[in-house]
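Novice: Below are the sequence and a predicted model; questions follow.
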Amino acid sequence: MAVFTPLADAQVASFLSRFDVGELTELKGVPAGTENSTFFVTTDQRELVLTLFEQGEHEELPFFVELLDFLDEHRVPVAGPIHDREGIALHELAGRPALLFPRLPGAHPKAPNLEQCRALGDALGRLHRVSQHFPGQRPNPRDLHWLNAMYHKVLAFLSPEDQALMQDEVEGYQTALSEAAELPQGALHGDLFRDNTLFDGDRLGGIIDFYNGCTGDLLFDLAIVINDWATDSDGSLNRDRHDALLGAYLAQRPLNADERELWPLMLRLTALRYWLSRLLVVYVDPPAHDLTPHDPEQFRRILLARIEHGALSLPVPALHDPGRPNPGDAE
Ligand SMILES: Nc1ncnc2c1ncn2[C@@H]1O[C@H](COP(=O)(O)OP(=O)(O)OP(=O)(O)O)[C@@H](O)[C@H]1O
Ligand SMILES: N[C@@H](CCO)C(=O)O
């Protein structure tokens, strides 16, 4: 379930009256999601999504709104928050911060096909091109500093082999990154798994759930995406999905030499980031709500596969369709 705060029709009707979105005709709680309360709202004019923020640091919400507005203005396919007649997006409803979004068409791809991988790679490449110019700042809350500060909390729950694996990995990342040049920076989605996208057939309806959004190494975001979108069930990389996604991404934003060198390490670091965050949910900080946690073992498997096989060679960038405008190019 993902309605932690129920809402009555009258509350929502009165909330909607500040916006130019029409009159409420239907309100439905959305069962998916783990962190926030989500509702599908239908009016006599359009389909909307209403999100109530249940947890997390609410002072971060203006950053997310500014980032989404920025990406929306630059025609990156995201659901940008709807602003009211006075230009305000962030409101309060039932004592919770609330945002209203357009409802995007489509569904989350469970087994993405190559067209969907290309569409996502292209969108992420465009997102990273424009996000380098985003003026906001929010340090990456799940970077190496976080790994280093948190990993010892789960060691007691691991086998001696896994303890050594985790410790060796974090120490290895520290050594390698302390000697590395700064990588290209920009705003990141921070959690761009398949279930944070909506596809209408092969067309990307849009990217949602930017509440892990932050600023930092663009390569970190790309590695999260490859580990989720282009991994087979045994943890190994799937060459076809990898090449489709990365080929489209690289056509929008080529990696520099430092990024190419750190790519295998970043795939490992982001695999460990999810192994650790999932272990923390299971053993250290279980959610207040009765939800099935994501399986940490899946990311341990991915980490082991990246250690054993390294990264795949990077594909040749896909040719960019010159008929298709790039966001930001018009500026
Ligand atoms: N703009 C949108 N258009 C269509 N559907 C949406 C939109 N935003 C959210 N949803 C639907 O609502 C569900 C929950 O949304 P969201 O992912 O933001 O919630 P959450 O509680 O933050 O979830 P989690 O962090 O576990 O992914 C999504 O899986 C999706 O099905
Ligand atoms: N995408 C995360 C959960 C939401 O933060 C995971 O798969 O562990």
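Specialist: That came through, no problem. Ligands and ions are numbered 1, 2, ... in the order given.
Novice: Quick check: residue 300 touching residue 275?
Specialist: Yes. Judged on Cβ atoms under 8 Å, residue 300 makes contact with residue 275 at a distance of 5.0 Å. From N, CA and C alone the C-beta is placed, and that goes for glycine too.
Novice: Pick out whichever of those two has more residues nearby.
Specialist: residue 275 (26 against 22; other Cβ atoms under 10 Å).
Novice: and the gap between the residue in the chain positioned nearest to ligand 1 and ligand 2?
Specialist: Minimum separation of the chain from ligand 1 (Cβ to the nearest ligand atom) falls at residue 33, amounting to 2.8 Å. Here the criterion is Cβ to the nearest ligand atom, to the nearest Å. By it, residue 33 lies 9 Å from ligand 2.
Novice: who's in contact with that residue?
Specialist: With contact taken as Cβ atoms under 8 Å, 6 or more residues apart in numbering, residue 33 is in contact with residue 2.
Novice: sec struct for it, please.
Specialist: coil (DSSP: H, G, I helix; E, B strand; the rest coil).
Novice: tell me the pLDDT at it?
Specialist: According to the prediction, residue 33 has pLDDT 72.
Novice: State the phi and psi torsions of it.
Specialist: Comment: the main-chain dihedrals of residue 33 come out as phi 100, psi 160, following degrees, to the nearest 10.
Novice: ditto for residue 188
Specialist: phi -120, psi 150.
Novice: and it, how many neighbours does it have?
Specialist: Neighbour count for residue 188, taken as other Cβ under 10 Å: 28.
Novice: With adjacent residues omitted, what lies nearest to it?
Specialist: Of all residues beyond its chain neighbours, the one nearest residue 188 is residue 221 (4.0 Å), with distances taken as Cβ to Cβ, 6 or more residues apart in numbering.
Novice: Measure how buried that neighbour is and give me the count.
Specialist: For residue 221, using other Cβ under 10 Å, the count is 26.
Novice: Test my guess that it contacts residue 185.
Specialist: No. Between residue 221 and residue 185 there is no contact under Cβ under 8 Å: 11.0 Å.
Novice: Low-confidence stretches in this structure?
Specialist: Applying pLDDT under 70 to the chain picks out residues 1, 56-57, 289-290, 320-331.
Novice: Pull the number of nearby residues for residue 181.
Specialist: Burial of residue 181, expressed as a neighbour count using other Cβ under 10 Å, amounts to 10.
Novice: Please apply the same query to residue 110.
Specialist: Other residues close to residue 110 by other Cβ under 10 Å number 7.
Novice: what do you get for residue 178?
Specialist: Applying other Cβ under 10 Å, we find 8 residues neighbouring residue 178.
Novice: What's the separation between it and residue 172?
Specialist: Residue 178 is 11 Å from residue 172, where distance means Cβ to Cβ, to the nearest Å.
Novice: what does residue 81 give?
Specialist: Counting by Cβ to Cβ, the separation of residue 81 from residue 172 is 40 Å.
Novice: which one of those two has more residues nearby?
Specialist: residue 81 (21 against 14).
Novice: Please enumerate the strands of the protein.
Specialist: Counting by DSSP state E, the segments of the chain that form strands are 24-29, 37-43, 47-52, 91-93, 96-102, 185-188, 197-200, 203-207, 214-217.
Novice: Can I get these in CSV including distance to residue 283?
Specialist: Formatted as CSV, those follow (distance: least, Cβ to Cβ, whole Å):
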stretch, distance to residue 283
strand 24-29, 30
strand 37-43, 26
strand 47-52, 28
strand 91-93, 34
strand 96-102, 28
strand 185-188, 27
strand 197-200, 29
strand 203-207, 31
strand 214-217, 25
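Novice: Reformat those strands as JSON lines; add distance to ligand 1.
Specialist: Formatted as JSON lines, the strands of the chain follow (distance: least, Cβ to the nearest ligand atom, whole Å):
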{"stretch": "strand 24-29", "distance to ligand 1": "10"}
{"stretch": "strand 37-43", "distance to ligand 1": "4"}
{"stretch": "strand 47-52", "distance to ligand 1": "4"}
{"stretch": "strand 91-93", "distance to ligand 1": "16"}
{"stretch": "strand 96-102", "distance to ligand 1": "4"}
{"stretch": "strand 185-188", "distance to ligand 1": "15"}
{"stretch": "strand 197-200", "distance to ligand 1": "6"}
{"stretch": "strand 203-207", "distance to ligand 1": "7"}
{"stretch": "strand 214-217", "distance to ligand 1": "15"}
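Novice: closest one to ligand 2 among those?
Specialist: With Cβ to the nearest ligand atom, the closest approach to ligand 2 among these belongs to strand 197-200: 11.9 Å.
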